[in-house]
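Q: Sequence and computational prediction follow.
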Amino acid sequence: MKLFKFLRGRDKQDDTAAPPAKELGKKLNKTGSRFRKGLLARLLGKPVVDDELLEELESELLMADVGVPTTTAIMDELQKRLSKGETTPEHLRQHLRDVLLEQLAPAEKPLEIASGDSPYVILVVGVNGSGKTTTIGKLAKQLQNGGLSVMLAAGDTFRAAAVEQLQTWGERNNVPVVAQGTGADSASVIYDALESASARGVDVLIADTAGRLQTQANLMEELAKVLRVMGKLDSTAPHEVLLVLDGSTGQNALSQARLFSETARVSGLALTKLDGTAKGGVIFAIARELAIPLRFIGVGEGIDDLRPFVAAEFVDALLQNEDDA
């Protein structure tokens with residue numbers, strides 16, 4: 001039996017609200033403009049798709065940071081479909097939608113929190129500046145709205161502001177925060193938090209960790225220590241290792257995901273800051289090259305701007321008409 005499942009945007013859509021893809025398209029305007037202004041606008045007035053148009057599409061995909069291997073795969077599949085004789089601009093648009101959706105669909109796996117005697121533990125990792133602490137605050141609020149009790153662990157003990165920021169989120173959401181002083185052992189903080197959450201019957205414990213570059217061997221080893229220490233209290237913890245990636249870093253986000261996965265047993269991704277970047281195409285490379293579910297995308301500052309990833313809504317948001325964006 002499942003205790004909680006994050007709703008997809010279309011599942012919770014009411015009849016009076018804007019369609020999810022149209023609303024999301026406004027948030028993804030910078031990346032979407034690569035498709036709408038850079039490519040789709042050129043389709044107008046063209047009787048057939050030609051080599052020049054396909055080259056322009058390939059360039060737009062690369063400039064959106066889709067990456068060379070994924071762009072090549074997309075273009076090969078498009079040309080295969082167009083070779084069957086459907087060569088009008090409208091056919092290209094439909095084929096492009098289908099191919100992009102096929103790239104993203106395998107990554108669409110919403111986070112499901114299973115019921116049990118122990119707290120469901122979400123360990124949040126990532127580099128400094130990726131939006132980890134903000135993601136934790138938004139996630140905690142959404143879980144509360146879903147009827148779950150939540151506790152936070154301030155495991156980022158290297159940056160004083162991180163503890164304060166997490167405590168601010170806790171006060172704002174009326175969520176308890178387990179913290180120690182700056183420089184304290186991160187594994188010890190998270191161990192104490194797990195003990196406390198277990199004793200108090202808390203549904204979900206969300207643990208922050210120090211921001212670290214994937215090349216910092218000592219900090220990556222500390223992350224491995226956190227995992228070992230948690231296992232002493234609960235052999236199944238953490239139940240989710242959520243890697244937060246900054247979408248504005250483009251292909252570097254893909255590199256981070258690969259290297260973090262080697263140390264932290266990453267089980268889910270949150271791709272943030274997609275509202276402010278033209279490099280959001282990296283989401284296609286992440287979906288194609290990593291076998292890790294994309295749990296959430298971040299598209300703004302509001303609580304609801306951390307949203308479960310829905311592949312069809314994302315693709316439709318990128319490809320909608322310019323007048324709708």
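A: That came in fine, so what should we check first? Numbers count the residues shown, from 1 in each chain.
Q: Only C-alpha atoms from now on, for both contacts and neighbour counts.
A: Fine.
Q: and V125, what does it touch?
A: Counting by C-alpha atoms under 8 Å, 6 or more residues apart in numbering, V125 touches 132, 208-211, 241-244.
Q: now do 7 Å
A: 208-209, 211, 242-244 (C-alpha atoms under 7 Å, 6 or more residues apart in numbering).
Q: Check A270 too.
A: 242-245, 294-297.
Q: switch to 6 Å and redo it
A: By C-alpha atoms under 6 Å, 6 or more residues apart in numbering, the contact set of A270 is 244, 295-297.
Q: Same check on A287?
A: Here A287 is in contact with 104, 107 (C-alpha under 6 Å, 6+ apart).
Q: Let's see whichever helix or strand it is part of as CSV, backbone CA atoms only.
A: Assigned by DSSP states H and E, A287 belongs to helix 282-289. C-alpha atoms of helix 282-289 as CSV (Å, rounded to 0.1, in the frame of the first residue of the first chain):
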residue,chain,number,x,y,z
VAL,A,282,19.9,19.1,-21.2
ILE,A,283,16.8,17.4,-19.8
PHE,A,284,16.8,15.2,-23.0
ALA,A,285,20.4,14.2,-22.5
ILE,A,286,19.8,13.4,-18.9
ALA,A,287,16.7,11.2,-19.8
ARG,A,288,18.5,9.4,-22.6
GLU,A,289,21.9,8.8,-21.0
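Q: quick one: buried residues of that helix?
A: Along helix 282-289, these residues count as buried under the neighbour rule (16 or more other C-alpha atoms under 10 Å): 282-288.
Q: average model confidence for that helix?
A: The pLDDT scores in helix 282-289 average 91.
Q: Same question for stretch 245-263.
A: On average, the pLDDT along stretch 245-263 is 87.
Q: And stretch 119-135, what's buried?
A: By neighbour count on 16+ other C-alpha under 10 Å, the buried set for stretch 119-135 is 119-128, 130-135.
Q: got a list of contacts for stretch 129-143?
A: Taking C-alpha under 6 Å, 6+ apart as the rule, stretch 129-143 contacts 169, 244-246, 303.
Q: And for A153, the neighbour number?
A: Using other C-alpha atoms under 10 Å, A153 has 27 other residues around it.
Q: Angles on the backbone of the closest residue to it other than its chain neighbours, please.
A: Closest residue to A153 apart from its sequence neighbours, by C-alpha to C-alpha, 6 or more residues apart in numbering: A207 at 4.5 Å. Dihedral pair for A207: phi -110, psi 120, per degrees, to the nearest 10.
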